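Trainee: Sharing a model that was predicted from the sequence below.
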2 protein chains.
Amino acid sequence: MAGKREEKRDDLRQRLLDATEARIVAQGLTGLRAREIAQDAGCALGAIYTVFADLDDLILHVGARTLQRLGQALSSAVAEKSDPEGVLQALAAAYLDFALTHRKAWEALFDHNPPEIPDWLREQQGVLIAEIIRPLQALLPDADEKLIRARARTMFAAVHGVIDLSLEGRFASVGEADLRRELQALVGTLVRGAQA
Amino acid sequence: MAGKREEKRDDLRQRLLDATEARIVAQGLTGLRAREIAQDAGCALGAIYTVFADLDDLILHVGARTLQRLGQALSSAVAEKSDPEGVLQALAAAYLDFALTHRKAWEALFDHNPPEIPDWLREQQGVLIAEIIRPLQALLPDADEKLIRARARTMFAAVHGVIDLSLEGRFASVGEADLRRELQALVGTLVRGAQA
């Protein structure tokens, strides 16, 4: 009996995540309503709160799915590379590809502003820098682990900033071909600078 | 008569800009209402639309003020510098200082999402990269003007990304002292990379 109840809960959970994700992909976070999500998932409004704390919690769990897919995309991108610059260039290009193909889900990751980011999600955000660590260790052999992690966050944030402002099309915006060239130049310059 | 009417219009305009700016500084863009702005400015709701097209237009003009102040801060920061790295380091530090001291107004610049950015504001956004051009020309003597402008936008977006993600405190976030060190390292690495 308990197993079956657990199964039903899991099923409801998946349906709610699917419904929320589909709405985010279609319309972004703006105007996302619990009532409509419940309708899409074929459950009562109140049922949401038997498996998620609130709408923010539900959106955070959709974010976790996005991060997981992004992590897989980044890992695949570097699977056959080993030289630091090759790895870092592949990561930046894969991050741009992910942002372009999962635009709304990717934007939602950064636009969602819940009162608090739970620890489990912070941990999962580690996929954003996980693959940057190894090539940076090769480039900065004298840096300790804490500094390497800080540099990895900085490199991620720099690449993210260039992509984010450009895709928003408002500040410092360039076309996609120029954006690819600029990303490549940024990563190349950072690598040469680290080696210098 | 016409002069006096013009004067009154200008006065109303300034009061509306002041009132909107004060609200943005206090609460950010969220929940900004034309009715409350009119109240603060001591005019009727409809009076707003005699001097601004709509609330977005009013917010864009507050953004123009913010950009002007930011442009002045960046120009002052480099007034006594001439070596490319000194200029670029001073700009990144001044940009961080501005973001920290004008936090809400600075956030509003990037969070405001009107249907369209008018050309006059795009032109004014040039202050974000204006001071980066000269040191980049010195670092990249063979690059043409178009490429220099693209590299300047990229450098701005990279620095902005590092500051933005860190101040948001959610992704890739570090404390203020670490943030200053990371910004300095980013700019230094980019300069050495460009020279290499």
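Mentor: Sure thing, it's come through.
Trainee: In contact with A:Glu182: list those residues for me.
Mentor: By CB atoms under 8 Å, 6 or more residues apart in numbering or on different chains, the contact list for A:Glu182 reads A:Val162, A:Ser166, A:Val174, B:Ala150, B:Arg151, B:Arg153, B:Thr154. Every residue, glycine included, has its C-beta placed from N, CA and C.
Trainee: Apply 10 Å and report the result again.
Mentor: A:162-163, A:166, A:172, A:174, B:147, B:150-151, B:153-155, B:157-158 (CB atoms under 10 Å, 6 or more residues apart in numbering or on different chains).
Trainee: That one sits in which helix or strand?
Mentor: helix A:176-195 (DSSP states H and E).
Trainee: could I get the contacts of A:Glu182 as CSV with neighbour count and pLDDT?
Mentor: Compiled in CSV, the contacts of A:Glu182 are given as follows (neighbours: other CB atoms under 10 Å in any protein chain shown; pLDDT from 0 to 100):
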residue, neighbour count, pLDDT
A:Val162, 28, 95
A:Ile163, 22, 95
A:Ser166, 24, 90
A:Ala172, 23, 53
A:Val174, 19, 65
B:Leu147, 16, 94
B:Ala150, 21, 93
B:Arg151, 24, 95
B:Arg153, 22, 94
B:Thr154, 29, 95
B:Met155, 28, 96
B:Ala157, 29, 95
B:Ala158, 30, 97
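Trainee: What ranges does chain A have for its helices?
Mentor: A:2-27, A:34-41, A:48-51, A:55-78, A:84-101, A:103-111, A:119-124, A:127-139, A:145-168, A:176-195 (DSSP state H).
Trainee: on that earlier part again, just curious, which of the contacts of A:Glu182 is nearest to B:Gly63?
Mentor: B:Gly63 lies nearest to A:Ala172 out of the contacts of A:Glu182, by CB to CB, at 14.9 Å.
Trainee: pLDDT score for A:Ala177?
Mentor: pLDDT for A:Ala177: 86.
Trainee: Ignore what I typed, I meant A:Ala196.
Mentor: The model's pLDDT for A:Ala196 equals 87.
Trainee: Excluding covalently adjacent residues, which one is nearest to A:His112?
Mentor: The spatially closest residue to A:His112, leaving aside those adjacent along the chain, is A:Ile59, at 5.3 Å (CB to CB, 6 or more residues apart in numbering or on different chains).
Trainee: so what's that neighbour up against?
Mentor: A:Ile59 touches A:17, A:20-21, A:23-24, A:29, A:32, A:37, A:52, A:108-109, A:112-114, counting by CB under 10 Å, 6+ apart.
Trainee: Equivalent analysis for A:His102, please.
Mentor: Here A:His102 is in contact with A:Val25, A:Thr66, A:Arg69, A:Leu70, A:Ala73, A:Ala108, A:Leu109 (CB under 10 Å, 6+ apart).
Trainee: Count the residues that sit near the first one.
Mentor: Going back to what we said before, that points to A:Val25. A:Val25 has 15 neighbours, counted by other CB atoms under 10 Å in any protein chain shown.
Trainee: Chain neighbours aside, what residue packs nearest to it?
Mentor: A:Lys104 (5.1 Å).
Trainee: which residues sit in contact with the one you found?
Mentor: Counting by CB under 10 Å, 6+ apart, A:Lys104 has contacts A:Glu21, A:Arg23, A:Ile24, A:Val25, A:Ala26, A:Gln27, A:Gly28, A:Leu29, A:Thr66, A:Asp111.
Trainee: try 7 Å this time
Mentor: A:Ile24, A:Val25, A:Gly28 (CB atoms under 7 Å, 6 or more residues apart in numbering or on different chains).
Trainee: go on, A:Leu186?
Mentor: A:Ala158, A:Val159, A:Val162, B:Thr154, B:Ala158.
Trainee: mind putting the residues you listed in CSV, distance to A:Ala138 included?
Mentor: What follows is the contacts of A:Leu186, written out as CSV (distance: CB to CB, whole Å):
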residue, distance to A:Ala138
A:Ala158, 19
A:Val159, 18
A:Val162, 23
B:Thr154, 24
B:Ala158, 21
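Trainee: of those, closest to A:Asp97?
Mentor: The closest of the contacts of A:Leu186 to A:Asp97 turns out to be A:Val159 (CB to CB; 12.5 Å).
Trainee: separation between the closest one and A:Gln184?
Mentor: Noted for A:Val159: a distance of 11 Å to A:Gln184, by CB to CB, to the nearest Å.
Trainee: Looking at those two, which is more packed in?
Mentor: The neighbour count for A:Val159 versus A:Gln184, taken as other CB under 10 Å, is higher for A:Val159 (25 against 13).
Trainee: what separates that one from B:Val127, distance-wise?
Mentor: In terms of CB to CB, A:Val159 sits 24 Å off from B:Val127.
Trainee: try A:Pro84
Mentor: A:Pro84 sits at a distance of 36 Å from B:Val127 (criterion: CB to CB).
Trainee: can you check A:Asp83 too?
Mentor: Relative to B:Val127, and taking CB to CB, A:Asp83 is found at 39 Å.
Trainee: Isn't A:Leu70 up against A:Ile129?
Mentor: No: assessed by CB atoms under 7 Å, A:Leu70 is found out of contact with A:Ile129, at 11.6 Å.
Trainee: How about A:Leu96, nearest residue that isn't a chain neighbour?
Mentor: A:Ile163 (5.5 Å).
Trainee: Then A:Tyr95?
Mentor: A:Val159 (6.2 Å).
Trainee: Can you report how many residues neighbour A:Asp56?
Mentor: A:Asp56, neighbours per other CB under 10 Å, totals 15.
Trainee: Tell me who's in contact with it.
Mentor: A:Asp56 neighbours (CB under 7 Å, 6+ apart): A:Pro114.
Trainee: neighbours around the residue lying closest to A:Ser76 once chain neighbours are set aside, how many?
Mentor: Once flanking residues are discounted, A:Ser76 sits nearest to A:Ala94: 7.6 Å by CB to CB, 6+ apart. A:Ala94 has 18 neighbouring residues, counting by other CB under 10 Å.
Trainee: do A:Ile148 as well
Mentor: Neighbours of A:Ile148 (other CB under 10 Å): 18.
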